[in-house]
Each structure stands twice: as structure tokens, then as C-alpha cells.
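Participant: Quick one: sequence plus predicted model below, questions after.
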Amino acid sequence: MKTKSEKGAVVLIMTSLLILAALILSLGTYKSTFYQIKRAQNEVLAKQGHWRAEGAIECLFTFISETKTEPSLLSKNNSSTEYNDLKSACNITYPLENLYAKTISSASSTISYQLTYELNNEELIKKNIIPKITYGNGAIQARGNLIIDGSLNVYPDVTGDKIDDKDKCVAIKYTGAIDYRFSGSGLKTLNPEDNGPYDGYKGTCHASTKSNINISSKTDDPATSSNFLSDYIKENHYDPFEAFFQKPRSKLAEVKNEYTVISGSKLNCDDLIANAFTSSDKVWVLGNCDLGDGHSLTSLPQTPRNLVIEGGVLGIYSAVNFYGSVYHMYHHSPGLDLTTNWDGMVSANTLSSDDKKTVSHFQAGAFVPTGGLILDTPNSSTLLRGSIIFKYKRAARKEEYNNFTWQKGSWNDL
């Protein structure tokens, strides 16, 4: 028979075991709770890191878009001023963090970039951007007055918009006035070339954007201005510079640095240009330039190229198809007499004395830059004389990729 002391010992032992079990259970629960707290804290830190990475990528994209900086200048550990400005603007703590753009090779000729954020040399987020290309500025763009003396048949550009399943086409965009002096087959807008406005294009223009003018007409003459349909677009404040180079005019020097720069000549300027194109696909000519018969330009291979003429008059007197784009830029004070610019230029032999005063761009014959003709000559006129069939083909232009958008499937598609 158990004594009272033995019974007390049993109760004490049982109580101790119960307390121990409760303590073990409490410790287990505490350990689990502590683990959950630590896990939650880690998830918050991870989310913060992710948000930091997303914000950095967005900052890099905004920096490229706002400053029009060439992304190649923002490659990893680049020593450029632009890259230092980026790190400062986006508050990057280097070398703990890294933010940069990397060129991505592509099966197509379109260049793209991968924007990357690194933390402790580990890539956290990578997103791609691709060039944003705009269409619909016209096969010919004229900032200044445009005189067309003869016939001009244009295979136009398209805006991308439709009317009754047919394209809105653009033959010419202009800021001044167009003076058409009828002869030959007239002034016509035809359907775009297959693959003309862009690769894969095949379509037709809506009738409201297919001018067919068979009488002399002027855009600033109420009696004849209605002959120009909606394929002739007037924009008073249009600036072809930014539309073409994808950078503001304030960055002209930066744009020019991407070109092979040569001096113009009043004799055999086409030879100088053709020679420059043997080592570059972008050539910038300073001063007056007489292309003469332009024969040297016909020997160039059919690869995309841009030709810029700056600060002088440009003349040619022959039928030449130039595979590339021509951008003529001549900004001078209003009312300046340009006669001396034309002195000694064979192409000016058929220009009248009055025309030599006001015309900065003269074509006699059928010179066609298939990648587009851009006339950035606000205080002077362009004279196109002859019988011209202008088959616009965007692919002949060397694209200036300075505006970008997120690649589909890479970021924020909604």
C-alpha cells in the first residue's frame, strides 16, 4: 500500500512532466513563430530589392528617353560622362549596385538593348528595349518652299491608319508652299511599292490620299489648292531633324559625330561622297556640293545609307537612283542672296539668275534618293525640274535608332 509521500512524489513527477511537455511545446511553437517572422522579414527585404531593381530599370529607360543618349554609351563600367550621369540620376551605389545597357545581337538588322540591374554582381532584373520607328512623314519632306517643274510620280509612304481598309498615304510633308508647274504626266501619287514603307508592306492608298494633278497648281492659291489631296500634308511647325535623327536639334554635334564628315566641292562632289561611303554608311558633307551627273553614286552597293549635306547648296543634273536617303540642311538668314554659292557649279547652268538668289537645292533630271528626300532649308526654296519617278523604299535609309520602347513580352505589356 502506497504511502502519502509516494503518492505526492508521483503527482509531483506527473506535474513536472506535464510542465516539461508544455514547455517543449511552447518552445516548438516559438521556434516556428520565430521562423515565420524571419521568413516574413526576408520576403520584405526581397520585395524591397525587387522594387529597387524595377525602379532602377525604369530610371535607366527614362534616362535614355529623356536625354536621347545612345544606349551603347551606357554599357557596363563605361567611362563615358553619360554613364556617370546615369549613376547619379538613378542613385546607383557603385560597386555594390550596377545598372547598364547591353547591345543584343539579332537575326534582323534592328538593334536592341538589354537593360540590366545587378546587386552584389548578381543580375536581379533584365528587360529589353527596341527602337520605336515612326512612319508617315512622306517620301519627300520639305521645310521651306518646294517648286516642282515637270512631272513627279510618287510611290508614297503610309501613316499606318486606314480608311475603308485602305491606307492613308503621304507623298509630301511640307511647311511652306508647293508650286507645281505642270508638264508631262503631271503630279501623281501611286500606290506604295511592295515592301516600300516597311518590310512586309503590301497595300493600296485610299482615293482621298492619291492626288492626280494635271494642271499647274499651288498649295497657297485658293483657286488650285484643292487639287492637292490628303497625301500632301502641311505642318507649319514641322521639324524634320528630330523626325529623321530621333534626337533634338540641340544635339546636332552629337549626331554628326556618328557620321564620316567630309568637305563639299563644286566639282566632282559625287566622287568624294562615293569614296567616303566605301568605309561608312553615314556621310556628312559640309558646304556647297555639286553632284554633277552623279554617276559615282550609281556604283554603290544596295545597302542602307544616309547622306547629309549641311551649310551649302546642292545641285545635280542627271537621272540617278541613289540607294539611300538624302538630308539637305541649310539654315541661313532670311533674304540672303545665294548666287555666289552657285558660281562655278555645272549643275547651275540652267538655273535662272532669279532662281540662283533663292534656290538652295536644284535637281535637273531625275535624281531619286530611294530612302527619302528631306529638305531642311527653311529660308530658301527647292527646285525639282524634270520627269521623276520616285519609288520610296524605307529600307534604303540607315535608321537612326534613338527612340525606344519596351520589347513585347519583356515588360509591362498591358
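Facilitator: That came in fine, so what should we check first?

Participant: what's the average pLDDT for the helix or strand hosting Arg143?
Facilitator: Assigned by DSSP states H and E, Arg143 belongs to strand 140-155. Average pLDDT, strand 140-155: 97.

Participant: Run the chain-centre distance for that strand.
Facilitator: Mean-position distance between strand 140-155 and its chain equals 24 Å (CA atoms, centre = their mean, to the nearest Å).

Participant: Identify the neighbouring strands of it in the sheet and state each direction.
Facilitator: Using DSSP bridges, strand 140-155 pairs in its sheet with strand 172-174 (parallel), strand 178-189 (parallel), strand 373-391 (parallel).

Participant: Spatially nearest residue to Val261 (excluding sequence neighbours)?
Facilitator: Take Val261 and drop its neighbours on the chain: the residue closest to it by CB to CB, 6 or more residues apart in numbering is Trp284, 4.6 Å away. (Each C-beta comes from the backbone N, C-alpha and C, glycine too.)

Participant: Where does the prediction get shaky in the stretch 301-414 of the chain?
Facilitator: Applying pLDDT under 70 to the stretch 301-414 of the chain flags residues 402, 409-414.

Participant: Tell me which stretches of it form strands.
Facilitator: Ranges of strands in the stretch 301-414 of the chain, per DSSP state E, counting those that start in this stretch, are 306-310, 314-316, 319-322, 325-329, 359-364, 366-369, 373-391, 404-406.

Participant: And the strands paired with strand 140-155: which comes nearest Leu272?
Facilitator: When the strands paired with strand 140-155 are compared by CB to CB, strand 373-391 sits nearest Leu272, at 20.1 Å.

Participant: With just CA atoms, put that closest one into CSV.
Facilitator: C-alpha atoms of strand 373-391 as CSV (Å, rounded to 0.1, in the frame of the first residue of the first chain):
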residue,chain,number,x,y,z
LEU,A,373,14.5,63.2,-99.6
ILE,A,374,14.5,65.6,-96.6
LEU,A,375,14.8,69.3,-97.3
ASP,A,376,15.6,71.2,-94.2
THR,A,377,16.0,74.5,-95.8
PRO,A,378,13.6,76.9,-94.1
ASN,A,379,14.7,80.2,-95.7
SER,A,380,15.2,79.1,-99.3
SER,A,381,13.5,77.0,-102.0
THR,A,382,14.0,73.7,-103.6
LEU,A,383,13.5,73.3,-107.4
LEU,A,384,12.9,69.8,-108.8
ARG,A,385,12.9,70.0,-112.6
GLY,A,386,12.4,67.1,-115.0
SER,A,387,10.5,63.8,-115.1
ILE,A,388,10.8,62.0,-111.8
ILE,A,389,9.5,58.6,-110.7
PHE,A,390,10.1,58.5,-107.0
LYS,A,391,9.9,54.9,-105.7
